[in-house]
Structure formats: C-alpha cells, structure tokens
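1. how would this look folded up:
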Amino acid sequence: MAPLENPNLEGYHIARQMWMMYYNPKAGTYIAKQKCSGCYNDDKFVIWAVSVADQAIVDAARIYPEFKPLIQPAIAIYQKYKNKTYKGYTAAENSGNDKDIYYDDDAQVCSSMITAYEVTGDKTYLDQGRELVRFLMGGWNDNPSAVTKGGMHWHVSKTLLNSCTTAEVAKCCLQISKFIPDEARIYVDFAAKCIDWQIKVLQDPEDKLIRDGVGEDSHNVDDAKWSYNTGTTLSAASELYHITKDQKWLKIANELAEAAINPNSFFYDRDFPNEKRYWRDSSYFVQLLIEGLADYLLYVAEDVPQGVAQRIHDEVRRHLIIFYEFMKDPKDGGYIQSFEPHNTYKEVYDQKYHQWFGEGKGWGLKDEDKDGAGHPQKCLMGMGAAARVFFQGARIVPKI
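-> Model prediction:
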C-alpha cells in the first residue's frame with residue numbers, strides 16, 4: 001500500500017466508494033446489502049448514520065465539484081425521516097408522526113443542510129436548515145422544577161441533558177447566523193447560552209475535557225469524556241470568539257484545544273508511552289474532534305498561542321497516518337469504524353502492528369465492526385466518518 005500523501009484525495013475515494021456501495025437510486029436512500037452497524041430492520045439506516053454519510057458527501061463537494069450533483073439526492077433522504085408536526089427528524093423512516101427524535105442526530109442533519117447551502121447556494125437547504133434550527137432551539141431545558149437548570153435535552157421525550165446535543169445545536173446556530181443577518185443575534189446568543197452551560201455544568205475543571213451529560217432531575221454528571229464532546233464544544237467556542245472577540249471564549253477555546261491534544265486525556269489510549277498514544281474512540285466521534293481542532297485554527301487564527309498550531313498539526317498528521325495504515329481494508333480500500341490499530345483486519349495487524357506498537361495489544365474486532373460470523377464488516381457511518389476524518393484533517397494537514 002502506498003503511503004498517505006493527500007488526505008483530501010483519500011476522502012474522495014472513500015466518499016465515492018461509500019456512495020457506490022450504499023446509495024440506491026430506486027429507493028432514494030442508502031440501503032445495506034446485508035445488515036450491519038447502524039441498520040434497523042435488515043437494510044435501512046438510522047438517521048445518525050445517514051447524517052454522517054451526507055456530511056461526507058457535502059465535504060467532498062466542497063473540494064471536488066463532481067460531487068455536487070450528489071448533494072440533492074443525499075439531502076433529500078432526510079424527508080423520509082421527518083415528523084411533520086414537530087419539524088424534527090426521527091431515528092427511522094416513518095409516515096410522518098413518529099416522535100423518536102434525538103436532538104444530537106438532528107443537529108448533525110442540520111449541519112449538513114447548512115453546509116449544503118454554503119457549497120451550492122441553493123436556498124432550499126438554507127430554508128430546511130432554518131426550520132430545523134428553530135426546532136432544535138426548542139429542546140432547551142427550561143423546566144422550572146429541574147434540579148439541573150438549562151442545557152439541551154438528548155431526546156424529545158427524555159430528561160437527559162447531553163453535551164453532544166448542547167454543543168452541536170450551538171454549532172448549528174452559529175453556522176446559520178452567517179447567512180441570516182436579521183436573525184443572527186438570536187442564534188449567536190443561543191449558542192453562547194449553550195456553551196456557557198456546557199462549561200459551567202459539564203466541563204471537568206481539572207483536565208478541561210467535556211463530560212457526557214446529566215439528568216435534569218440530578219446533579220450527578222456522567223463522567224465519560226468522549227472525544228466528540230470536546231471537539232464540538234471547541235468548534236462552537238472558537239466560532240463564538242471569532243464573532244464576538246470576547247476573551248472569555250478565547251480562554252475556553254485555548255483550554256479545550258490543549259486538552260484535545262494532551263496524551264493524558266481520557267480519550268487517548270494511555271497504555272503506551274506518550275509518543276505512541278492515540279485517540280481510541282470510534283471514527284464517528286474522532287471526525288468531530290478533528291473538525292473542532294480545524295475550526296479552532298480557522299476561527300482563533302492569529303490568536304492561537306505560540307506553538308499550539310504546530311502541535312495540533314503534528315498530532316492530526318500522526319493520527320491520519322495511523323488511521324490510513326491500520327483501518328483501511330487492504331482488499332477494497334474501505335474503512336471500518338475502529339480508530340484503534342489492534343482492532344482491525346487480521347492481515348493488517350499481522351503485517352505491521354508490532355513494528356509500530358511493540359508488544360502492544362492482541363488482535364481483535366469491535367462488535368460494531370464485524371458480522372454475525374465474526375468477519376470484518378463495513379457500514380455506512382464508518383465509511384462516512386472515515387471520509388470526514390480525512391476531509392477535516394486536510395484542513396489542518398493538506399499534504400503528508
């Protein structure tokens with residue numbers, strides 16, 4: 001296998017392969033040839049997987065114009081999931097009245113719609129995104145009897161307040177604020193309210209990472225610190241600084257960026273010496289961490305502390321190479337969802353793992369990356385996330 005040279009080009013190949021593998025023009029949606037991770041029933045995908053795939057198509061179209069004709073059919077898939085009363089999008093296709101709606105899934109849907117407008121100029125996507133942003137803002141916890149005040153709900157009918165929903169909705173608000181000037185202040189203020197809550201309630205004051213969530217009936221915070229929660233909060237804080245120039249947001253963004261590349265952080269595999277540690281979350285989480293780091297460099301720009309930009313560049317470059325070398329299928333070039341070099345294709349592990357990581361860890365496959373017989377199995381979200389790892393990574397490391 002040739003070494004990785006151009007992350008954008010690798011993203012191109014993955015996005016193209018994903019579309020060819022899963023998009024069914026007759027059905028007007030993504031269809032699995034056999035049940036895999038992210039499927040409900042036997043062949044349909046939950047909207048979270050669809051949103052990651054669609055974001056990959058829009059990312060591809062930003063760089064490669066030949067992907068632009070795919071944006072319309074990709075974004076049109078969402079209408080099969082829409083609740084016509086709530087104006088939100090449900091986990092599974094339905095007749096229009098299903099209430100199984102997750103605000104974090106819908107925030108990723110929304111982000112892809114607004115980015116589709118940014119790439120194409122087609123106001124249809126802006127209108128869809130605006131309607132969805134308004135729905136998302138309705139997920140704020142304003143229950144007067146709640147123990148934990150504020151924060152975004154995870155689901156329309158649950159009382160859990162999540163960092164992913166809160167930061168991803170803030171991101172959508174900031175995205176759309178650029179395109180609707182008359183309403184911009186409403187969206188920016190709401191995003192600021194989200195990130196203020198996120199930092200006050202869910203940031204660990206010791207390591208600055210973002211914890212997962214808390215119930216509105218409790219003060220007991222879930223201490224899991226997934227990479228995407230720090231990444232999405234970093235995206236939002238960075239853009240808030242860019243818009244407002246408030247030093248508060250700069251301080252928050254700087255602390256989150258440092259935490260994201262600290263090898264002692266929760267989401268690094270710390271069973272290795274510092275120089276060999278890597279982000280151990282699945283690719284569908286890591287893609288949002290990389291996007292957060294890219295947004296930080298873009299929006300904080302010349303105010304990034306000295307030396308930090310180079311450290312981010314080097315860390316993302318190292319991870320792109322590991323991901324390419326270990327998670328790429330040597331047979332067809334596709335990717336599973338794992339980001340951990342030992343949880344990969346057996347032949348890849350046998351050929352190179354010990355050269356890179358010494359005695360390291362024994363080979364295995366995560367459940368989400370194998371079929372019923374235990375063989376490696378790709379899925380829509382894994383392919384979409386892999387494309388985004390390289391497209392977002394290329395914003396920081398355009399050439400290896």
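2. state the number of residues packed around residue 98.
-> 17 (other Cβ atoms under 10 Å). (Each C-beta comes from the backbone N, C-alpha and C, glycine too.)
3. OK, contacts around it?
-> If you count contacts by Cβ atoms under 8 Å, 6 or more residues apart in numbering, residue 98 has them with 83, 90-92.
4. ok, residue 361 - how many residues close by?
-> Residue 361: 16 surrounding residues under other Cβ under 10 Å.
5. would you confirm that it contacts residue 271?
-> Yes. In this structure, residue 361 is within contact of residue 271 by Cβ atoms under 8 Å, at 7.3 Å.
6. re the thing from before, now, among the contacts of residue 98, which is nearest to residue 230?
-> Nearest to residue 230 among the contacts of residue 98: residue 91, at 24.9 Å, using Cβ to Cβ.
7. what's the local residue count around that closest one?
-> 17.
8. and the next element down the chain from the helix or strand where residue 164 lies?
-> Residue 164 belongs to helix 163-177 when elements are defined using DSSP states H and E. Next helix or strand after helix 163-177 toward the C-terminus (DSSP H and E): helix 184-197.
9. so what does the helix or strand following that next one touch, helix or strand wise?
-> Elements were assigned by DSSP H and E; along the chain past helix 184-197, the next helix or strand is strand 213-215. Applying 3 or more Cβ pairs under 8 Å, 6 or more residues apart in numbering; DSSP states H and E, we find strand 213-215 packed against strand 160-162.
10. which other residues reach the strand it packs on?
-> Strand 160-162 has contacts (Cβ under 8 Å, 6+ apart) with 103-104, 141, 148, 150-154, 201, 212-216.
11. name the member of the residues you listed with the most neighbours.
-> Of the contacts of strand 160-162, with other Cβ under 10 Å as the count, residue 152 tops at 29 neighbours.
12. that residue pairs with what?
-> residue 140 (DSSP bridges).
13. quick one: residues contacting it.
-> By Cβ under 8 Å, 6+ apart, the neighbours of residue 152 are 103, 136, 139-141, 161-162, 165-166, 169, 194.
14. got a pLDDT number for it?
-> Residue 152 carries a pLDDT value of 98.
15. can you check residue 223 too?
-> Residue 223 carries a pLDDT value of 96.
16. in space, what's closest to it - neighbours in sequence excluded?
-> With sequence-adjacent residues excluded and distances taken as Cβ to Cβ, 6 or more residues apart in numbering, residue 223 is closest to residue 211, at 5.5 Å.
17. got it, and residue 371?
-> residue 377 (4.3 Å).
18. which residues touch the one you found?
-> 34, 36-37, 336, 369-371.
19. distance check, it against residue 360.
-> 24 Å (Cβ to Cβ, to the nearest Å).
20. then residue 345?
-> For residue 345 relative to residue 360 (Cβ to Cβ), the value is 16 Å.
21. neighbour count: the two, which is higher?
-> Higher neighbour count among residue 345 and residue 360: residue 345, with 21 against 16, using other Cβ under 10 Å.
22. quick one: that one and residue 329 touch, right?
-> Yes. Residue 345 is within contact range of residue 329, at 6.2 Å (criterion: Cβ under 8 Å).
23. any common contacting residues for the two?
-> In contact with both residue 345 and residue 329: 336, 376, using Cβ under 8 Å, 6+ apart.
24. nothing else from me, thank you.
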